[in-house]
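> pasted the sequence and its predicted model underneath.
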Amino acid sequence: MSNLSKEQLERYYCSIKLDGVGEKGQEKLLRSKVLVVGAGGLASSTLMYLASSGIGLIGIIDNDVVSLSNLPRQILHNESDVGVKKVVSAKEKLNRLSKDVKITIYDERLTKENGEKIIKEYDLVLDCVDNFETKFLINDICVKLHKPFVTAGVSDYKGQVMTYVPGQSSDFKSLFSELPLH
């Protein structure tokens, strides 16, 4: 017997029918907690897909505001959001995508002081920031807490993505032993 409602069975039908997901997998997604660090370009589409797929709790941490120059690449935001905190704009849009998803926002930068407290609450961390200092900080905290994370970056026409799974893969610092020069 399914724990999913009739509406959820219909909404997530395409995911449920995938090998390796099924109803149990969808139920797991609905119980999962994912933290997205950043609410800009990489995070925009990431957040929409997380909410659409039924991730139960999405945390978003960012302390920036939407600016007009963000709009061509930060598709979660629009012209009426200019001057609004990115986390507030993101939460508003994501709440419209799915009532199954709870959104928690942190209108602040991820720091050494707040990082462990925030990250420990989540099953997975997605690094969608554009600076190496924060990428290294995410790495250090996730390695310490044995939390998996995915780090991604885009520069001009090039992109990279890497997944860290505690005890199974190398971390970010194995690729970059020191902060790269910008």
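Alright, I've got the coordinates. Computed from a predicted model, the values in this text were never measured in an experiment.
> need the three-state assignment for the residue positioned nearest the centre of the chain.
Taking C-alpha atoms, centre = their mean as the criterion, Val36 is the residue nearest the geometric centre of the chain, at 2.7 Å. Assigned by DSSP: H, G, I helix; E, B strand; the rest coil, the conformation of Val36 is strand.
> quick check: bridge partners of it?
Under DSSP bridges, the beta-bridge partners of Val36 are Ile60, Leu126.
> can you list the low-confidence ranges for the protein?
Scanning the chain for pLDDT under 70 picks out the ranges 1, 175-182.
> so what does the helix or strand harbouring Gln8 touch, helix or strand wise?
Assigned by DSSP states H and E, Gln8 belongs to helix 6-11. Counting contacts by 3 or more C-beta pairs under 8 Å, 6 or more residues apart in numbering; DSSP states H and E, helix 6-11 packs against helix 22-31. To be clear about C-beta, it is placed using only N, CA and C from the backbone, and glycine gets the same treatment.
> and the helices in this protein, which stretches?
Taking DSSP state H as the test, the helices found in the chain are 6-11, 13-16, 22-31, 41-53, 86-97, 115-119, 132-145.
> need these in CSV with mean neighbour count and distance to Asp62, can you?
Formatted as CSV, the helices of the chain follow (neighbours: other C-beta atoms under 10 Å; distance: least, C-beta to C-beta, whole Å):
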stretch, mean neighbour count, distance to Asp62
helix 6-11, 13, 28
helix 13-16, 14, 27
helix 22-31, 16, 23
helix 41-53, 20, 8
helix 86-97, 19, 5
helix 115-119, 17, 12
helix 132-145, 18, 11
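> same list (these) but as JSON lines, adding distance to Glu108.
JSON lines is the format used below for these (distance: least, C-beta to C-beta, whole Å):
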{"stretch": "helix 6-11", "distance to Glu108": "33"}
{"stretch": "helix 13-16", "distance to Glu108": "33"}
{"stretch": "helix 22-31", "distance to Glu108": "26"}
{"stretch": "helix 41-53", "distance to Glu108": "15"}
{"stretch": "helix 86-97", "distance to Glu108": "9"}
{"stretch": "helix 115-119", "distance to Glu108": "9"}
{"stretch": "helix 132-145", "distance to Glu108": "12"}
